[in-house]
Structures are given as structure tokens and as C-alpha cells.
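[1] This is the structure alone, sequence omitted:
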């Protein structure tokens, strides 16, 4: 079961503009970083770890902001972000606490993650279709909002505790706007 949520408190830009104007990839990258930080701040690993490693896999459109600030504090937790390549993913994934996915073939993803399927791993994707095969959070954009789908079954099976406060991210509308 998955659920579409509008990311609250994640405005892409505060200035007014026409709804039909295109939003830049950079603005979406900033919004994605805020969404990821928000999700991460409501996620708790069973061992209460003070730092997490978010690994970025596959060609991405919106991970630039995450990668540019590759080490930062999110609440009381330190987040390290690094890009891993498909050819080294099998070796790198055991050191990851979270996985941010770009365009990744569903079958290849299943094969890559099979050895670590029983580990608590936060998964977020730019491809909404991956929520249908088990990714926990999938980003969505439309002309007026930034948001995400949440696969509740995957969240329940993950071994992670996702605070119900993650639903707070859906509390306010998040308009996509470009500067005048």
C-alpha cells in the first residue's frame, strides 16, 4: 500500500510567479534536499545511530544539492552523502544506511539489494514506479507541488521507525514557483 503526500514546509521558492512557468532543476534539487532532510529527521534506526550514510545510486536529476552538502547535521544526526556506481554497488551498499535512487532498473535494484534486504535501510527514489516494488519514499512533482509517495508496507517491513510526524510533511502545500 502506498500513499501520495504533499511535502509541507518544502517550498521550492518563496516568491510569487505564474503557475505555468517552468521550475528549474536547481530549485527542485533544493526542494528534494529539504524533503530528504525532513524524512531523515523523522527516521530512527534500531541502534539509535548518531550518523547515517545516504548513498546515491543511478543517474539522478535532483541529488545535486544533497551531494554538494555531502556531510551535514540533520537534527541530532550527522548525514554523510556519497555517490556509488552500479559496478561497485554490491560492495558499497553494506556501508549504506539509506539509498537515494535515480533511474535504476527495477530488476537490477532487486538483485543489488537482495543481500541486504534484512538490514534497516531508508530508501528514497526519484522514480515513482520504484515505490510499487518496495522503495519506501518516491518523489513526485507536478506544476504546483512537490511531494512524495510513501509505501507503507515497505516502511513497516524496513526495521526502521518512521515517526508518524513524517505526515507533518503533508500538512502544508508546497508551491513550485520561479522568480519573476
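    Arrived safely. None of the values given here were measured: they were computed from a predicted structure.
[2] Report the beta-bridge partner residues of the residue nearest to residue 51 when sequence neighbours are not counted.
    By the measure of Cβ to Cβ, 6 or more residues apart in numbering, the closest residue to residue 51 outside its immediate chain neighbours is residue 78, 3.8 Å from it. C-beta: built from backbone N, CA, C; applies to glycine. As for beta bridges, residue 78 partners with residue 51, residue 73 under DSSP bridges.
[3] Surely residue 78 touches residue 52?
    Yes - using Cβ atoms under 8 Å, residue 78 is in contact with residue 52, at 7.5 Å.
[4] neighbour-wise, which of the two wins?
    Neighbours per residue (other Cβ atoms under 10 Å) separate residue 78 from residue 52, with residue 52 holding more: 18 against 14.
[5] Run a quick neighbour tally on the closest residue to that one other than its chain neighbours.
    Leaving aside its chain neighbours, residue 52 sits nearest to residue 97 (4.0 Å; criterion: Cβ to Cβ, 6+ apart). With neighbours defined by other Cβ under 10 Å, the count for residue 97 comes to 21.
[6] What of residue 92?
    Here the neighbour count serves as a burial measure; for residue 92 (other Cβ under 10 Å) it reads 17.
[7] what does residue 152 give?
    13.
[8] With that, I have no additional questions.
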